[in-house]
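Enquirer: what's the 3D shape of this:
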Amino acid sequence: MRILKPCPFCGGSPAWQLTKKKGCQLHGEPNQNHILGCFKPSCRMRPTFTHCSKSWCIVEWETRNGEGPTIQEIHREGMQ
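Expert: A predicted model of the protein is given here:
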């Protein structure tokens, strides 16, 4: 399992949250988005990434200076 990088601004550990997804719920769409970010009160930037896919949140969080894992690497590691 991948250990996520700390917040690039405060060094805090990232955390997961779920939120309701806007849109029609009548057609069996998932009703939650994943949010990965720094929610530490002392962090001035509090970066967050929101997506319906947990994997894409990880790719965005882990990308620093244009370098990070690919979605295929995340899927291979089982972090869906």
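Enquirer: use CA for all of it now, contacts and neighbours both
Expert: Will do.
Enquirer: just the helices in the chain please.
Expert: 54-62, 71-76 (DSSP state H).
Enquirer: among these, which is the most enclosed?
Expert: helix 54-62 (a mean of 21; mean count of other C-alpha atoms under 10 Å).
Enquirer: got the CA positions of it in CSV?
Expert: Extracted in CSV, the C-alpha atoms of helix 54-62 (Å, rounded to 0.1, in the frame of the first residue of the first chain):
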residue,chain,number,x,y,z
LYS,A,54,-9.9,7.7,-5.3
SER,A,55,-7.1,6.8,-7.7
TRP,A,56,-7.2,10.1,-9.5
CYS,A,57,-7.0,12.0,-6.1
ILE,A,58,-3.9,10.0,-5.3
VAL,A,59,-2.3,10.8,-8.6
GLU,A,60,-3.0,14.5,-8.2
TRP,A,61,-1.8,14.6,-4.6
GLU,A,62,1.4,12.7,-5.3
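Enquirer: which helices and strands does the helix or strand bottoming out on mean pLDDT in the chain pack with?
Expert: Scoring the helices and strands of the chain by mean pLDDT, DSSP states H and E places helix 71-76 at the bottom, with a mean of 83. With contacts taken as 3 or more C-alpha pairs under 8 Å, 6 or more residues apart in numbering; DSSP states H and E, helix 71-76 sits against helix 54-62.
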